[in-house]
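1. Below is the sequence, then the predicted model.
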Amino acid sequence: MMCMNEKRNYWKVAFISLVAVCVCLIIAFILMVRVYLPEAEPSHYTPQPAGGEQALLHINSSREQLNQLIAEASLDVEEETPYTVEVLANGIEFRSTFPILGQSVPITVQFIPEVAENGDLLLEAESFSFGLFNIPSEQAMQLMSNVADLPDWIIIHPSESLIEVNISEARFNDRYSFRIQQFDLENDQIDIEMFVND
């Protein structure tokens, strides 16, 4: 009878020790991830008024067409850390990886798009995941800013969990610029104006 109780206590101690080791490892991993994540730099979005010029062309597009355009444009960009941007029915998703301790950890950020008064696109971060963990939005945005080599007309404001896509400031073929009129993903309606710049 005494031998049976000792055997039960042995398994109880072993189980509790295993749980304690697992909890310590998880806490150590979370602390290590926090150390590797950068602090958010202060940056604030300033709304710009709409321009008064007349559009040369009105373009109606869909999510599928926009995803094709993004995929083709990304083929021309050589990235040290590749990333994917996909337009979905409920928002925009950014996916990439972040090297940590010799491993590539996936990072996923979901955005809600909104059209600014001047025709630019504002992407407000809704959710973030870093591997299996959710991380604070400011640190996730700063991590995106550090990982992705974005064009000058895409500005990340980590402290506001916001990405400003200044499509009205971008120049394509040094002549053309665009302004977004409508970005309704739920109804699959994307309306864009095209301008010719002298």
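-> Arrived safely. Residues are numbered from 1 along each chain as shown.
2. quick one, strands of this structure?
-> Along the chain, the stretches classed as strands by DSSP state E are 57-61, 83-88, 91-100, 103-115, 121-130, 154-157, 162-165, 176-184, 189-196.
3. weakest of the ones you listed in terms of mean pLDDT?
-> Here the lowest mean pLDDT among these goes to strand 91-100, at a mean of 82.
4. ok so, going back, comparing the strands of the chain, which comes out most buried?
-> Looking across the strands of the chain with neighbours counted as mean count of other C-beta atoms under 10 Å, the highest average goes to strand 162-165: a mean of 22. (Each C-beta comes from the backbone N, C-alpha and C, glycine too.)
5. Can you name every helix or strand that that strand contacts?
-> Packing contacts for strand 162-165, counted by 3 or more C-beta pairs under 8 Å, 6 or more residues apart in numbering; DSSP states H and E, involve strand 121-130, strand 154-157.
6. Generate a markdown table for those strands, with distance to D174 as supplementary columns.
-> Shown next, in a markdown table, are those (distance: least, C-beta to C-beta, whole Å):
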| stretch | distance to D174 |
| --- | --- |
| strand 121-130 | 22 |
| strand 154-157 | 18 |
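7. who wins for proximity to E86 among those?
-> The closest of the helices and strands packed on strand 162-165 to E86 is strand 121-130. By C-beta to C-beta, the value is 12.7 Å.
8. what's the angle from the closest one to strand 91-100?
-> 40 degrees (axes from the mean of the first three to the mean of the last three C-alpha atoms, to 10 degrees).
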